[in-house]
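>>> Here is my input; please provide its structure:
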Amino acid sequence: MSEEPRTSRVQRQVVQLILDRRLNPGAPLPTEAELMEALGVSRNSVREALKALQALDIVEIRHGYGTYVGQASLTPLVDGLTFRTLARHDDDTGALAEILQVREVLEEGLIRRVATTVTEAELDRLEGVVTRMESAGGTGRSFPELDREFHEVLYASLGNALVPQLLAAFWTVFRRVSGARGWTDDPSPEITVRRHRDIVTALRARDVEGAQRAMAVHFRGIEARAAEESRGVS
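Residues are numbered from 1 along each chain as shown. Okay, the predicted model is just below:
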């Protein structure tokens, strides 16, 4: 068995130090000199480890001020998935389909819970987003940010902070790939509006199966559009 690379070992030690000291995001880390002493490693090893952890958003290096505990966001996941998808030059349709399938599985499962937890106030907010989608579509404007807002509001009743972050990560990957490939805006905004409204209608009726079906139809449309764009169909 090969020996663990020194940088990886020091990274692990820094992470363990953060956990052991119960440091929260934004809290200052010990200085380089203090980390050298605490971990028994060189200054260069500390710096290499911190740079690697910064790329993972585990630490944040503020030049001239020090190093702080990072937010541990999903940005590295987004960057990795975007590259993974774009790097499959001969099969970007398949790569993007995989991203959509993961998001679909998550949302179709979550929507069943939402149907039993969503409040009337949250349903009103969703209806308001759909109305704004309709207004934008009526004037020929695309509304990707409203689409994103709809899905963020949709799962608010679950009270799970990771859900919107994870779904936003997949949404961002899809938008980045679409932009990199030069895909056009939604050619049928009225259909997109109707599919979102169908989700709200099923939720208002507390129709669990209906809400899940509406979400499935929504994703069939996204997948079909992605496949058409990949084939150059407009």
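>>> hey, let's count contacts and neighbours off CA atoms from now on
Will do.
>>> what about Leu56, neighbour count?
With neighbours defined by other C-alpha atoms under 10 Å, the count for Leu56 comes to 18.
>>> Val14 and Ser8: what is the separation?
Plainly put, Val14 is 10 Å away from Ser8 if you go by C-alpha to C-alpha, to the nearest Å.
>>> more crowded one of those two?
Val14 (23 against 15).
>>> For the more buried one, which three-state class applies?
With DSSP: H, G, I helix; E, B strand; the rest coil as the basis, the three-state label of Val14 is helix.
>>> For it, give me its contacts.
Shown in contact with Val14 (C-alpha atoms under 8 Å, 6 or more residues apart in numbering): Ala49.
>>> Equivalent analysis for Thr82, please.
173-174, 176-177.
>>> Please report phi then psi for His89.
Note on His89: backbone dihedrals following degrees, to the nearest 10 are phi -60, psi -30.
>>> Name the helix or strand for the spatially most central residue of the chain, please.
Centre of the chain computed as the mean C-alpha position; nearest residue by C-alpha atoms, centre = their mean is Ala169, 1.3 Å away. In this assignment (DSSP states H and E), Ala169 forms part of helix 162-181.
>>> Quick one: name whatever helix or strand follows that helix.
The C-terminal neighbour of helix 162-181 among helices and strands, as given by DSSP H and E, is helix 189-204.
>>> Give me the helices and strands touching that next one, please.
In this structure, helix 189-204 packs against helix 120-138, helix 208-231, with contacts taken as 3 or more C-alpha pairs under 8 Å, 6 or more residues apart in numbering; DSSP states H and E.
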